Structures are given as structure tokens and as C-alpha cells.
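Compute the structure for the input listed below.
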Amino acid sequence: MKAKNIVVIGVSTGGPMTLKTLFSELPPLDAAFLVVLHITPEMDFRIAQGIAASASMPAELARDAEFMKAGHIYLAPGGYHLKVEGNHRFALYTGPRVNYVQPSVDVTMFSFTRQSAGQLIGVILTGMGRDGALGLKHMKDIGATTIAQDQKSSVIYGMPKAALETGAVDYVLPPLGIAAKLVELLGRR
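You can find the predicted model right below:
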């Protein structure tokens, strides 16, 4: 079944540990989770396995033309940008780096459109640079709930700070607070 609720997470430096902390606290939720981590192709599969080991939901690499399913975690593969067509189906492509990275969470977030049903949630976690700031603002503009990691719990506060500076962040929380907010917003499966 296609996911009605979608959570898009952008993360970079400090990401694997932060993602493990976040997903180990989440029960199975009625949402598809799409994680865009600045990662190389050599590391993506191992990081997906690491997330799967600590999560209550299956985690895997996103595949081209695949439809997102609720209760699943998808990791954008290294070396590709990931767009979501019609808010449901993955489209992987190569192309120039955006914000010096590939995959770029800005590319993913800008591919979403306003939803008629279900919830769209954008999250920016620890990382260097500005990737995700404009994408999160776009998501807020199309009706999404937006969350940024707080400074104290971030390994590098660049990405969350840049997102916060757009004025488009609804909640600023540490990873455990983000997990609690997602449970509150999405409810258990």
C-alpha cells in the first residue's frame, strides 16, 4: 500500500549515530521514512543495514521507480540524487552535485508537491553546510510540518542552523524529542 504519510530526513556529518538514536526510539509508524544522508556508494548499503538493526521498521536503499510503502525506511543511495514523483515513487538520477553533495536533500524536498491527504514532515538533522535549508522552506510552503535538530545535540550545527534561519522550522528538538514528536504527529501503526 502506498504511503499517505511521508517523513523526509536530511542529514550529514554525525548522521549514522543520530539516525540510529532516532530510529531505535520509534515504534512502527504509519509513514514512509525517506533518509537523504550525504554518503558514498561504498557506504550506503552498510548504513542501511545499521539503521535496520536498530529500527522497528525495515530499512533499505531506495530503488528507481519503486513506490514508497508505509512502515518502511528508505535511504537514498550514494552517488545519486533522489526525486519523488507524485509524492509516491522514487526517481534516481545522476547529475551535477547540489550544495556540493550527491545525494542532496534539497533535490528530494523540492520534488514534493502539496498533498491532498496524509501528512508530509520534513526533518533536518546534524550536518555541515546548507543542504536542506531551502528544501525545508519549500516543504513548509506546501503544508509540511518541519523539524530541525537542536544545536546542543548536533555534531555539526550547520544544516539545522541554516534551516532555522529560513524561518520555516516548526520545532527545534534533540533526536529523542524528534522521535516523540513523530509519534505524536503520526500515531502508531
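
Which positions in the one helix or strand Ala52 maps to come out as buried?
Here Ala52 sits within helix 44-54, counting by DSSP states H and E. Under the neighbour-count criterion of 16 or more other C-beta atoms under 10 Å, helix 44-54 has 44, 47-48, 50-51 buried. Any C-beta I mention is one placed from the backbone N, CA and C, and that applies to glycine too.

Checking the spatially most central residue of the chain next. Helix, strand or coil?
Centroid-nearest residue in the chain, with C-alpha atoms, centre = their mean: Ile9, separated by 1.4 Å. Put simply, Ile9 is strand when judged by DSSP: H, G, I helix; E, B strand; the rest coil.

let's number from 17 now, not from 1
Sure, I'll start numbering at 17, so the last one becomes Ile25.

for it, what are its contacts?
With contact taken as C-beta atoms under 8 Å, 6 or more residues apart in numbering, Ile25 is in contact with 35, 38, 49-52, 121, 139-141.

can you rerun that using 10 Å?
Ile25 makes contact with 31, 34-35, 38-39, 49-53, 89, 91-92, 121, 124, 137-141, 148, 163, 194, 198, according to C-beta atoms under 10 Å, 6 or more residues apart in numbering.

So which of those residues are in strands?
Among the contacts of Ile25, the members found in strands (DSSP state E) are 49-53, 89, 91, 137-140, 163.

ok, and for stretch 191-203, which residues are buried?
191, 193-195, 197-198, 201-202.

which residues touch the closest residue to Ile158 other than its chain neighbours?
For Ile158, ignoring the flanking residues on the chain, the nearest one in space by C-beta to C-beta, 6 or more residues apart in numbering is Arg130 at 4.3 Å. With contacts defined as C-beta under 10 Å, 6+ apart, Arg130 is in contact with 103, 136, 155, 157-160.

picking up where we left off before, report the separation between the residue nearest to the centre of the chain and Gly66.
15 Å (C-beta to C-beta, to the nearest Å).

Report the contact partners of the closest residue to Thr56 other than its chain neighbours.
Spatial nearest neighbour of Thr56, excluding adjacent residues (C-beta to C-beta, 6+ apart): Gly94 at 4.6 Å. Residues near Gly94 by C-beta under 10 Å, 6+ apart: 53-61, 63, 77, 118-119.

Check which helices and strands the following helix or strand past the helix holding Ala68 sits against.
Counting by DSSP H and E, the element after helix 60-70 in chain order, helix or strand, is strand 75-77. For strand 75-77, the elements it packs on are helix 60-70, strand 88-91, judged by 3 or more C-beta pairs under 10 Å, 6 or more residues apart in numbering; DSSP states H and E.
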